[in-house]
Each structure stands twice: as C-alpha cells, then as structure tokens.
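Asks: 3D model of this:
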Amino acid sequence: MKVSFDNEEILSAIDRVAKKTMTMDLTWDWPCGVAYYGLAEAYKATGKTEYMEFLKNWVDEYIEMGLPSWNVNTCAMGHCLITLYEYTGDKKYWDLVMSKIDYLRNDALRFGDHVLQHTVSSNNDFPEQCWADTLFMAAFLMLRAGSKLTDTVGSKLRMLNPDDPKDAALMEYQPQAMDIINDSLNQYYWHIQYLQNKETSLWYHGYNNVHKDHMSGFYWGRANAWAAYTMSQVKKNLYDWYLFPPCMDVECSLRDQLAALKLVQTENGLWRTILDDEEAYEEVSASAGIAAAMVEMNNPLHAKYVQKALKGILDNVSADGRVLNVSGGTAVMKDREGYMGVPKAWIQGWGQGLALAFFTAILNDSRKQQ
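Replies: Residues are numbered from 1 along each chain as shown. Okay, the predicted model is just below:
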C-alpha cells in the first residue's frame, strides 16, 4: 500500500502520543489495556525501550499493590503483558496472561454456541449480550496467546527451544494452544454472525440473545473499529491461517466491511460516531482503528482512503500528544441521542492506543515495501 508521509512526522506523533499516555493515571482495566497495547506496538515499531521500561515499572507496581478480579474488559491488559514477556523473559508476565486466558475459557459468562457475554465487572452486567468490544478485549487476546504457544512467532514457523527460558515458560502451557486458538476463532465467527449486517456489511454495536435483536441497532463507529482492527490481525498472527475454516469468514467479513466503510468516510478523512448519520460528530478513535485495519488488509485500492485518514488523524493530535475528539466510554445506548450525546472533550486511553496502532501500522507497512 503506497501512502505518502513524512517519516519524522509519524515518529514525532508516536513519541508525543506515547509520552502523553505515560502521564495518564490509568488503572488495570480496558482503557489502560488499549492504551498500553498501543504503547507496546510503538515500542515494536520504534525500538524505544523507554516505553517498555515504563510498562514494566507500572505493571510491577500494580502487581505489588494487588490486581483486580478478571472480566472481559480487564482481560484487555493481557495484550501489553504478552509484549512485556517478550521484552523481559520474566515468566510472571506470561503466567498473568494465562490466568486471563483461563478465566475467559473456564469462568467467563457465555451463551449460545459458547459465545462470550460482554462483562465489565464481576456481575452479570449484560445478560446474553454480545458486543463488538469483546473482540479486542478477549478474542484477539486469545488469538495472540494461542498462536504464541504454538511453534510460531506471528505467522512464521519456528521450533520452541526447551533450553531457552522464554520458550520453556511457553511449553508449560503449550498443550492448550489449539484449544485457545479455536475458541478465539469461534468468538470471531459468532460475533460476525450476530453483529454484521449482511446487507450493509457494517457492524452493529451489540446483540441481545434474549430478545434476538440489536437493541437500538446503530452502526456505532468504534464498534466497527474493534471489529475491523481485530479481524485484520488474524492472518498476521496465525500460522497457516487458511487451514482454519473460520478464518475464511473473517477474511470475507473484513473485505465487505472495509468496502462499506470507505463509502462513509468524511471529507476530513474520518468516520462518524454513528457511521451513516451525517449529523453525527467525527470520532478519532474509530477512525484510527478503521484506518489501521485498511493498512493491515493491504488492499492497494484503499490507499487513498488511508491517505485521507492519515491527515485527519494527525490533525487531531495535539502538540502535547493528546488524541482529540475521542468519544467517552459507550455502552449500547438506548437511542440516537444517547450516542450523539457522548462527550468527546477528554483524553481517553483507547484514543491514545488506537492512534498508536494506526501510526505504527503505517510505519510497518512502509518498511515492508523497502
């Protein structure tokens, strides 16, 4: 994908956003999970160890203070723990990842065909509700963990070495690898069935299995970002992905979704908080997640849409590294006014993290072409 950009401008944006993120008083929950996923991706793209040293110190302090109980949203913190384990080789980080995986596979509330119910606490928060958010917080995490437990690094085959302490820690859990991967892909499959409108190819925010409906039934922007970005990561993280039948559903779902999303991009290169409502405000976290998915999908016909998005997103990064115009935390709202009324005036962890995911995707893609 040929997107024109100033390399130093992107590196500067990454560093500003990363450093601002490091000043935020985040807690062990999904805003932090998304923010620190972005920070870990920034480290992998730039090699700046200060990002990982910050994560290490922050996580170690939190472990000492005491960790919260797990739910779907708190499992998002597993993403940075995977990278932290890769960075340090300290088994305690991988054990924490696997404790989250164990919760998701054995204790988390489910319905229907073993579909994860979205939870934000230890309570039965949203009975038999499926949310697009779960794909990032849980399904993508299971995919990354399961893939790492196989003899692979991302999509490249290698053999685990029992004499290497890092590999030895993985081998302890290796018998679970395929079960974790298959569970992850089952989540992708059923979220596609429940949430993607086959006529428009856009995604609803949530599905209520009790009432068999999509509740208020809006195409929420960030829900589409959660779906698009996490689906774009499947081929990247799974060796021999084409041997897993649900991956074909992911491939086609993402293809059709991005084809629909390009038609509702605004003149400013962004996407709205309600995608098909021209009165809805432009929302930058959704825009970053959707544009990052386009980069990862690597369809050359999407380059012009990514180019527009790059300008729009860069224009929404302040001098001190705040990602602007990011909507607040959003449940499945009751009506249009509910979505339109969510404020976008504040810095949010998910805005920081998804912007970092987009900028690093741009950098990584350009390096593949060199």
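Asks: switch to C-alpha atoms for all contacts and neighbour counts from now on
Replies: Will do.
Asks: Can you verify my assumption that Ile101 contacts Phe140?
Replies: No: assessed by CA atoms under 8 Å, Ile101 is found out of contact with Phe140, at 11.1 Å.
Asks: Between these two, which has more neighbouring residues?
Replies: A count of neighbours by other CA atoms under 10 Å puts Phe140 above the other of Ile101 and Phe140, at 26 against 23.
Asks: Check the gap between the more buried one and Ile181 for me.
Replies: Distance, Phe140 to Ile181, using CA to CA, to the nearest Å: 10 Å.
Asks: joint contacts of these two?
Replies: Shared contacts of Phe140 and Ile181 (CA atoms under 8 Å, 6 or more residues apart in numbering): none.
Asks: shaky segments in the stretch 151-300 of the chain?
Replies: Residue ranges of the stretch 151-300 of the chain with pLDDT under 70: 151-159.
Asks: mind redoing it with 50?
Replies: For the stretch 151-300 of the chain, applying pLDDT under 50 flags no range at all.
Asks: for it, what spans make up the strands?
Replies: Taking DSSP state E, counting those that start in this stretch as the test, the strands found in the stretch 151-300 of the chain are 152-153, 156-157, 206-208, 271-272, 282-283.
Asks: Parallel or antiparallel, which strands does the fourth one pair with?
Replies: Strands adjacent to strand 271-272 in the sheet, as given by DSSP bridges, are strand 282-283 (antiparallel).
Asks: mind checking how far the strand it pairs with is from the chain centre?
Replies: Centroid displacement of strand 282-283 relative to its chain, using CA atoms, centre = their mean, to the nearest Å, is 18 Å.
Asks: ditto for stretch 130-142
Replies: In terms of CA atoms, centre = their mean, the centre of stretch 130-142 is set 8 Å apart from its chain centre.
Asks: Quick one: mean pLDDT over that stretch.
Replies: Across stretch 130-142, pLDDT averages out at 98.
Asks: Now do the buried residues in that stretch.
Replies: Buried positions in stretch 130-142, judged by neighbour count with 16 or more other CA atoms under 10 Å: 130-142.
Asks: ok, Leu275 - how many residues close by?
Replies: 27.
Asks: no wait, Asn209
Replies: Asn209 has 16 neighbours, counted by other CA under 10 Å.
Asks: Run through the helices of the stretch 201-350 of the chain in chain order.
Replies: Here the stretch 201-350 of the chain has its helices, by DSSP state H, counting those that start in this stretch, at 221-232, 234-237, 245-261, 284-297, 303-314, 336-340, 349-368.
Asks: Export the ones you listed as JSON lines, with columns for distance to Leu55 and mean neighbour count.
Replies: Below are the helices of the stretch 201-350 of the chain laid out as JSON lines (distance: least, CA to CA, whole Å; neighbours: other CA atoms under 10 Å):
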{"stretch": "helix 221-232", "distance to Leu55": "22", "mean neighbour count": "28"}
{"stretch": "helix 234-237", "distance to Leu55": "22", "mean neighbour count": "20"}
{"stretch": "helix 245-261", "distance to Leu55": "32", "mean neighbour count": "18"}
{"stretch": "helix 284-297", "distance to Leu55": "22", "mean neighbour count": "29"}
{"stretch": "helix 303-314", "distance to Leu55": "25", "mean neighbour count": "20"}
{"stretch": "helix 336-340", "distance to Leu55": "33", "mean neighbour count": "15"}
{"stretch": "helix 349-368", "distance to Leu55": "14", "mean neighbour count": "24"}
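Asks: And those: which comes nearest Asp167?
Replies: In terms of CA to CA, the element of those nearest to Asp167 is helix 234-237, at 17.6 Å.
Asks: Tyr219 and Ala228, how far apart?
Replies: For Tyr219, the distance to Ala228 equals 13 Å [CA to CA].
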